[in-house]
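Student: Sharing a sequence plus its predicted fold:
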Amino acid sequence: MKSEEKVLLRGIEAIGEAALRAGCRCYFGYPITPQNELPEYMARRMAEIPGAVFLQSESELAGINMVFGASVTGTRVMTSSSSPGMSLMQEGISYLAACELPAVIVNIIRGGPGLGNIAPAQSDYFQATRGGGHGDYRCIVLAPAYLQEAVDLTYHAFDQADEYRIPVVIVGDGMMGQMMEPVVLPPFREQLPKKDWAIRGAGGGQSRFLRSLLLDVHVLEAHNWKLHRKYERIRRREVRFDEYETQDAELVIVAYGTAARIARGAVKRLREKGMKVGLFRPVTLWPFPGEALRNLAARVGRFFVFEFSTGQMVEDVRLALEGRRHIDFYGRPGGVVITPMELSRIVARKYHAIQQEART
Amino acid sequence: MKQVIGRPRLLKEAPFHYCPGCGHSVIHRLVAEVIEELGVRDRAIGIPPCGCAVLAYYYLDVDMVEAAHGRATAVATGMKRCLPDRIIFTYQGDGDLAAIGTAELIHCANRGEQITTIFVNNGVYGMTGGQMAPTTILGQKTTTTPRGRQAGNDGPPIKLVEFLSFLERTAYLARGSVHNAREIQRTKKYIREAFQTQMENKGFSMVEILSPCPSNWKLSPVESCRWIEQVMKQNFPLGVVKDSRGQPS
């Protein structure tokens, strides 16, 4: 596949190919549905790239720790999993965050809790955006809704991971993983950033060590504040979102990922019927685009949060709007996916209710 | 006058925090001596355990990376796959290696990862205060087996070196002890052989080392060494369990 050329790819392969082009030379992971095509793709492709490492781990627990080991050496590395596997990886992600090690982690979310099912869901929002493991930390969380965006965000995720020395989590679902769309692939990265912090043996120099154990409370507190300052920097610089038909909107749907695709279809239908409805789509779930949402609230009276969960992102929307605006919520957990037409009917009812209120 | 013994160059000038009579200090010294003698200090990377020896990076003058409890062999796998010409070793206790990290260890050994594991077996959880370990022997009293370990309730102790010997790609497996001068010298030889196994890319290598823990055994250092000789050694026979380096790997 050449660069800058439009190709038709499955979602999961698009993410894998973008990772390779970003300089990812190491993949560790354990099979779990609905993301098996990603390790399979990486196994196939990495065999063609000299020096690339693909290894199927014995568990997600081992996999994320292999990621840790590879990251320590300065190699661009990724893993992928789905919800139950992500739970197992949380220990390792906490250590990556503590040791400030870059990694890219793809979570193709499925219905939960427990084994749940393998259908598209967004029920890992809390886990992804609140760190997920133990301790006071965050990961950058990217939520593409379109395959070109998945390619671009994956490519960029490796740069973000290196720049901030942080794990970056890309969330999607089985629908996005399986769908096919034309994408333009970026070129293979020639130059990768230097990593002075990488541990590769002392050479002739002084030996170094990397650790997360900081027994002195003041030392650990200083480390926690240092991490916090990094997170603040990310909050200022890395927020991404998308707006659709919001200029004159009286009601704005807030949705991300696959839910946002469906919401966009619903907005189109509602607009055709003359209803002034728009869409606000967070692309980064952490940092959450709260300020952009507040700005929008200056001219929009009503928000409608739509998620494939019983309501997780809606809490961030409430935090962002701080009670200034009315927020409705509509969620479908458990892997149920509704059509744009169904969603448009539900939103239309709300929209008419607002009009009614305004008249009385 | 010729100096016949001295501080290994790869032991930093830091006083050990270990309890009097603890085996870790001796084992650290042996590891430092072997790395120095083999001339691999500059390309060695060690992974200390979660346990008393977590602070090994304060003492050993080689690059070190701390891993989560039990995950050292997985971290080592990731490192070695990226840096195949480095000498990667894990230093793990019985809880770290033989309980919480068993899955990682077995699969790492089964893949024949070119790494070396130093497995310190003192039969108890040292840092957490003397609870039962997977290697606690039957009848041994610990804080969580106040009436002694019972096979019916806790299972018998795990003999990991023997267990791993059945895996095709384990190349060198030995069990030593640091309870007397003779065994210390033998153990050093095992450690050297294990590192050489890795340098020759012959497969996975591990040395289990019986090590005294006077504080948690509630014995004096001298009594602890005697206990290893009289009791522990009977449960964990010393010697080279497997050396398949002569065979094509």
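Tutor: Now that the structure is in, tell me what you want to look at. From a predicted model like this one, the values you see are computed outputs, not experimental measurements. Residues are numbered from 1 along each chain as shown, chains lettered A, B, ... in the order given.
Student: Checking A:Arg269 next. Helix, strand or coil?
Tutor: A:Arg269 carries the three-state label helix when classified by DSSP: H, G, I helix; E, B strand; the rest coil.
Student: next helix or strand past the helix or strand hosting A:Phe126?
Tutor: A:Phe126 belongs to helix A:125-129 when elements are defined using DSSP states H and E. Downstream of helix A:125-129, the first helix or strand assigned by DSSP H and E is strand A:140-142.
Student: hmm, whichever helix or strand comes after that following strand touching chain B?
Tutor: Downstream of strand A:140-142, the next assigned helix or strand under DSSP H and E is helix A:147-164. No - Helix A:147-164 stays clear of chain B (CB under 8 Å from any CB of the partner chain), getting no nearer than 15.2 Å. Every C-beta, even on glycine, is put in place using the N, C-alpha and C of the backbone.
Student: Can you name every helix or strand that the helix or strand following helix A:147-164 contacts?
Tutor: Using DSSP H and E, the helix or strand that follows helix A:147-164 in sequence is strand A:167-173. Contact partners of strand A:167-173 among helices and strands, from 3 or more CB pairs under 8 Å, 6 or more residues apart in numbering or on different chains; DSSP states H and E: helix A:11-21, helix A:83-98, strand A:103-109, helix A:125-129, strand A:140-142, helix A:147-164, helix A:257-272.
Student: In CSV: the ones you listed, plus mean pLDDT.
Tutor: Shown next, in CSV, are the helices and strands packed on strand A:167-173 (pLDDT from 0 to 100):
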stretch, mean pLDDT
helix A:11-21, 97
helix A:83-98, 98
strand A:103-109, 98
helix A:125-129, 98
strand A:140-142, 98
helix A:147-164, 98
helix A:257-272, 98
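Student: right, so of these, which gets closest to B:Leu55?
Tutor: helix A:83-98 (16.4 Å; CB to CB).
Student: With only the CA atoms kept, save that closest one in PDB.
Tutor: Output of helix A:83-98 as PDB, limited to C-alpha atoms (Å, rounded to 0.1, in the frame of the first residue of the first chain):
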ATOM      1  CA  SER A  83     -13.300  -4.500  27.700                       C
ATOM      2  CA  PRO A  84     -12.600  -7.600  29.900                       C
ATOM      3  CA  GLY A  85      -9.000  -7.700  28.600                       C
ATOM      4  CA  MET A  86      -8.700  -4.000  29.300                       C
ATOM      5  CA  SER A  87      -9.700  -4.600  32.900                       C
ATOM      6  CA  LEU A  88      -6.700  -7.000  33.200                       C
ATOM      7  CA  MET A  89      -4.400  -4.400  31.600                       C
ATOM      8  CA  GLN A  90      -5.200  -1.700  34.100                       C
ATOM      9  CA  GLU A  91      -2.500  -2.700  36.500                       C
ATOM     10  CA  GLY A  92       0.100  -2.300  33.800                       C
ATOM     11  CA  ILE A  93      -1.400   1.000  32.600                       C
ATOM     12  CA  SER A  94      -1.000   2.400  36.100                       C
ATOM     13  CA  TYR A  95       2.700   1.400  36.100                       C
ATOM     14  CA  LEU A  96       3.100   2.900  32.600                       C
ATOM     15  CA  ALA A  97       1.600   6.200  33.900                       C
ATOM     16  CA  ALA A  98       3.700   6.100  37.100                       C
END
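Student: Comparing the helices and strands packed on strand A:167-173, which stretch has the densest surroundings?
Tutor: Among these, strand A:103-109 has the highest mean neighbour count (mean count of other CB atoms under 10 Å in any protein chain shown), at a mean of 29.
Student: what angle do it and strand A:167-173 make?
Tutor: Orientation of strand A:103-109 against strand A:167-173 (axes from the mean of the first three to the mean of the last three CA atoms, to 10 degrees) gives an angle of 20 degrees.
Student: Ignoring the adjacent residues along the chain, who's closest to A:Ala157?
Tutor: A:Val168 (4.3 Å; CB to CB, 6 or more residues apart in numbering or on different chains).
Student: again with A:Leu279
Tutor: A:Tyr244 (4.2 Å).
Student: coming back round to it: correct me if wrong: the residue nearest to A:Ala157 contacts A:Ile140.
Tutor: Yes - checked against CB atoms under 8 Å, the pair A:Val168 and A:Ile140 is within contact range at 4.5 Å.
Student: any residues in contact with both of those two?
Tutor: A:Ala157, A:Gln160, A:Ala161 (CB atoms under 8 Å, 6 or more residues apart in numbering or on different chains).
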